[in-house]
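> Okay, predicted coordinates and the sequence, questions at the end:
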Amino acid sequence: MQPGRSCPLHYRYAPGAMVREADFNADTLYVIGGLYGNAPALKAVLALAQRERTAVTLAFNGDFNWFNSDDAGFCAINNEVLRHRVLRGNVETEIASDDSDAGCGCAYPVHISDAEVERSNTIATTLRETARRHPALRAQLAALPMNLVAAVGGVRVAMVHGDMESLAGWSLAQDALAIEENMNIIKKQIVTSKCRILASSHTCLPVALTLNTTLGHSAIFNNGAAGMPNFRGEQFGMITRISVVPAPFPALYGTRVGDLHADAIGVRYDHARWQHEFLANWPAGSAGHVSYHQRITQGPAYSMADANRLNVSNRHTVRPTSVA
């Protein structure tokens, strides 16, 4: 569905794997993908949950580690995240393993340069060395599932890191979702999974759209990154909120799926503090700095209009955008 580098076989599963009883029920669900070790963003997400009028279930759908290569940062992020509903991303899968053949496990599409891939592999190697000093946390990461199914107000929600076939799949990326052939496949996957909402991350750029299936009005929400800016000139992360009640704060964009409210929510963290923590681990010239500092300070070359396709039909193919 999306041309790219090879994906490890043990990352794979079938859409039918989600045809099971829901792993949990929730009235309000936060799907938090791509935290990337950003402690101020995690604090901001927890603060959002405190503002809700109903109980909130937090579900972290992978790559909550990345830049937190210091021991204190690694422990702080994982000790908090692992208290909630969690699935593993390619980052957690790779740092919990001693097999480094897959590098960072990102399975990047071909438009991502070899230099960017190599820098990501360097970040993963550094983070794996930190994880090895914390074997108990590492064992918990290794035991995490690759996907979760929630029932929110009776509507089934599939949570994956990549897509409906692979932990590191790219078929729910913003450019892949603009291709009609891909959309036809995803509609079939939604019906097979019996989940009317798909929530993903991994590709690092957000996108949301609705589609009609034999299950009824359905939606795809890729939240991009909770721990990094998602739009040009902005400095906030994003999560996906799915609930039986409206949000008590403004959403960036959203829709209704049955009686549910499905929204993209901004995560407005302490940017100055995050920059300080990032630079302590990834100073100028380091792999993390070269690949991500510009995005952290200025956002990617991407707009909210690119991401919000909830009321857009017959959109033409979108040019691939670098995640760096």
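On my side now, so go ahead. Because the structure is a prediction, the values reported are computed rather than measured.
> Okay, now the sheet partners of the helix or strand harbouring Leu58, with direction.
Assigned by DSSP states H and E, Leu58 falls within strand 56-61. Paired neighbours of strand 56-61 in the sheet (DSSP bridges): strand 28-32 (parallel), strand 85-87 (parallel).
> Can you say which of those strands is packed in most?
strand 28-32 (a mean of 27; mean count of other C-beta atoms under 10 Å). The C-beta positions use only the backbone N, C-alpha and C, and glycine is treated the same way.
> and the next element down the chain from that strand?
That would be, after strand 28-32 and using DSSP H and E, helix 39-50.
> in that following helix, what counts as buried?
39-42, 44-45, 48-49 (16 or more other C-beta atoms under 10 Å).
> Of those, which is the nearest to Gln174?
If you rank the buried residues of helix 39-50 by distance to Gln174 using C-beta to C-beta, Ala41 comes first, at 20.9 Å.
> quick one: pLDDT of that closest one?
For Ala41, the pLDDT comes out at 98.
> Return the distance of it relative to Ser113.
27 Å (C-beta to C-beta, to the nearest Å).
> Asn281: which of the strands paired with strand 56-61 is closest?
Short answer: strand 28-32, nearest of those by C-beta to C-beta, at 21.0 Å.
> Give me the angle between the closest one and helix 39-50.
Between strand 28-32 and helix 39-50, the angle comes out at 170 degrees (axes from the mean of the first three to the mean of the last three C-alpha atoms, to 10 degrees).
> State the mean pLDDT of the strand holding Leu58.
98.
> Would you check that Asn230 makes contact with Gln298?
No: with contact defined as C-beta atoms under 8 Å, Asn230 does not reach Gln298; the gap is 11.9 Å.
> With neighbour numbers in mind, choose between these two.
Asn230 (29 against 13; other C-beta atoms under 10 Å).
> From Ala264, how far out is that one?
From Asn230 to Ala264 the distance is 9 Å (C-beta to C-beta).
> so what's in contact with the two at the same time?
Residues touching both Asn230 and Ala264 (C-beta atoms under 8 Å, 6 or more residues apart in numbering) are 206, 238, 307.
> In strands only, show me the residues you listed.
Met238 (DSSP state E).
> would you turn the shared contacts of Asn230 and Ala264 into a markdown table with neighbour count?
As requested, the shared contacts of Asn230 and Ala264 are exported to a markdown table (neighbours: other C-beta atoms under 10 Å):
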| residue | neighbour count |
| --- | --- |
| Pro206 | 29 |
| Met238 | 31 |
| Ala307 | 24 |
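> quick one, helices of the stretch 1-150 of the chain?
With DSSP state H, counting those that start in this stretch as the criterion, the stretch 1-150 of the chain has helices at 39-50, 71-81, 90-95, 114-132, 135-142.
> Pull the distance from the longest one to the chain's centre.
A distance of 18 Å separates the C-alpha centroid of helix 114-132 from that of its chain, computed with C-alpha atoms, centre = their mean, to the nearest Å.
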